[in-house]
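Trainee: Next come a sequence and a model predicted from it.
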Amino acid sequence: MTARGWFLFSLLGVVWGIPYLMIKVAVDEVSPSMVVFVRCALGAALLLPFAIRQGGLAATVRAHWRPMLAFAVIEVIGPWWTLTDAERHLSSSTAGLLIAGVPILSVVLARFLGDTERLGARRITGLALGLGGVAVLTVPHLTGGNVLSLTEVLITVVGYAIAPLIMARHLKQVPTLQLIAPVLLLAALVYAPAAALTRPPTMPSTPALASLTALGVICTALAFVAFLELVHEVGPTRATVFTYVNPAVAVAAGAIFLDEQLTPGVLASFALILAGSFLATASPTPPGPRTGGRPVAWSTRQTSRADGRVESP
């Protein structure tokens with residue numbers, strides 16, 4: 001993976017490792033629909049002007065509205081509500097730990113859907129190590145939930161695994177901002193009526209407002225741009241491996257800010273997760289003929305990036 005890919009990977013490991021805590025703080029005072037509406041509305045307000053400035057936004061939406069609608073429903077409209085509602089009963093750490101199952105399901109779905117991206121023994125070993133690290137973290141924390149909440153998180157995991165495959169297969173040529181800005185705007189419009197009906201009778205507390213703001217600005221606008229750029233950079237399967245780092249970030253944040261104890265099991269899980277992430281993101285060597293000393297797939301990817309995609313600012 002390139003230096004740019006590692007930067008995006010590391011950034012997402014952090015900015016999508018902290019939303020679970022913020023959601024937990026916010027959903028204690030406002031409804032799940034309000035949480036989703038605010039983060040989508042803020043994200044759309046920040047990104048839409050840049051998407052419009054690129055030009056051709058309306059034409060892009062008209063040309064790709066079907067896969068964009070599918071991406072919006074499967075990545076945002078459904079999973080963000082089910083995850084938020086689940087955190088009314090699950091701890092934030094449990095939710096974050098369960099979401100770490102996304103890369104495994106992504107690999108399975110990619111194989112089932114006929115993805116030709118080669119995994120290889122090294123990447124399979126990395127996925128297994130990462131899953132082992134997540135298991136070490138998960139077993140002591142899987143408490144305080146119920147069947148409905150766990151099912152809601154499972155729905156979120158399925159959506160998070162499928163959406164990057166849709167994006168890579170049908171939306172690869174769509175500029176990042178022109179994809180995510182309309183998606184967030186649509187999600188905000190969908191949840192606006194429910195948010196209005198369930199608005200709190202009094203102003204939420206400062207921590208809740210700060211959490212909602214951070215969810216919209218950092219964990220939605222910034223994180224989504226980084227995520228879609230990472231999918232462009234390394235492919236949909238490897239792009240989801242950063243979710244292995246999220247539980248480690250959650251545990252580290254707990255130790256730093258909440259004085260939670262770092263046990264030997266937690267330290268062992270850190271090692272497994274980091275080693276698994278490194279191996280699982282290794283670039284595959286595609287089979288077949290080579291051109292100019294490089295695999296044909298590499299040359300094709302370079303041409304696609306040069307001719308088919310506009311880099312976002």
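Mentor: Yep, that arrived.
Trainee: all helices for the stretch 1-150 of the chain, in order.
Mentor: Under the criterion DSSP state H, counting those that start in this stretch, the stretch 1-150 of the chain contains helices at 3-15, 19-27, 32-54, 57-71, 79-86, 92-99, 102-112, 120-138, 147-170.
Trainee: Of the ones you listed, which is nearest residue 219?
Mentor: When those are compared for distance to residue 219 using CB to CB, the nearest one is helix 19-27, at 4.2 Å. No exception for glycine: its C-beta is placed from N, CA and C like everyone else's.
Trainee: which helices and strands does that closest one pack with?
Mentor: Other helices and strands packing on helix 19-27, by 3 or more CB pairs under 8 Å, 6 or more residues apart in numbering; DSSP states H and E, are helix 32-54, helix 79-86, helix 92-99, helix 206-216, helix 245-257.
Trainee: now the angle from the second one to helix 147-170?
Mentor: In this case it means helix 79-86. Going by axes from the mean of the first three to the mean of the last three CA atoms, to 10 degrees, helix 79-86 is angled at 160 degrees with respect to helix 147-170.
Trainee: what distance separates helix 79-86 from the middle of the whole chain?
Mentor: What separates the centre of helix 79-86 from the centre of its chain is 14 Å, taken as CA atoms, centre = their mean, to the nearest Å.
Trainee: and that helix, average pLDDT?
Mentor: Average pLDDT, helix 79-86: 95.
Trainee: what helices or strands is it leaning on?
Mentor: Partner elements for helix 79-86 (3+ CB pairs under 8 Å, 6+ apart): helix 19-27, helix 32-54, helix 92-99, helix 147-170.
Trainee: could you redo the helices and strands packed on helix 19-27 as a markdown table and give each row distance to residue 73?
Mentor: Listed next are the helices and strands packed on helix 19-27 as a markdown table, based on distance: least, CB to CB, whole Å:
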| stretch | distance to residue 73 |
| --- | --- |
| helix 32-54 | 13 |
| helix 79-86 | 9 |
| helix 92-99 | 18 |
| helix 206-216 | 20 |
| helix 245-257 | 23 |
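Trainee: closest to residue 171 out of these?
Mentor: Across those, the minimum distance to residue 171, taken as CB to CB, is reached by helix 32-54, at 13.9 Å.
Trainee: Using PDB, write down the CA coordinates of that closest one.
Mentor: Once non-C-alpha atoms are left out, helix 32-54 reads as follows in PDB (Å, rounded to 0.1, in the frame of the first residue of the first chain):
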ATOM      1  CA  PRO A  32     -31.600   8.100  16.900                       C
ATOM      2  CA  SER A  33     -33.400   9.900  14.100                       C
ATOM      3  CA  MET A  34     -32.200  13.200  15.300                       C
ATOM      4  CA  VAL A  35     -28.600  12.000  15.700                       C
ATOM      5  CA  VAL A  36     -28.600  10.700  12.100                       C
ATOM      6  CA  PHE A  37     -30.300  13.800  10.700                       C
ATOM      7  CA  VAL A  38     -27.800  16.200  12.400                       C
ATOM      8  CA  ARG A  39     -24.700  14.400  11.400                       C
ATOM      9  CA  CYS A  40     -25.900  14.000   7.800                       C
ATOM     10  CA  ALA A  41     -27.100  17.600   7.500                       C
ATOM     11  CA  LEU A  42     -23.800  19.000   8.900                       C
ATOM     12  CA  GLY A  43     -21.800  16.700   6.500                       C
ATOM     13  CA  ALA A  44     -23.900  17.800   3.500                       C
ATOM     14  CA  ALA A  45     -23.700  21.400   4.400                       C
ATOM     15  CA  LEU A  46     -19.900  21.200   4.500                       C
ATOM     16  CA  LEU A  47     -19.300  19.100   1.400                       C
ATOM     17  CA  LEU A  48     -22.100  20.200  -1.000                       C
ATOM     18  CA  PRO A  49     -20.500  23.600  -1.900                       C
ATOM     19  CA  PHE A  50     -17.200  21.900  -2.900                       C
ATOM     20  CA  ALA A  51     -19.100  19.300  -4.900                       C
ATOM     21  CA  ILE A  52     -21.000  22.100  -6.700                       C
ATOM     22  CA  ARG A  53     -17.800  24.000  -7.400                       C
ATOM     23  CA  GLN A  54     -16.400  21.000  -9.200                       C
END
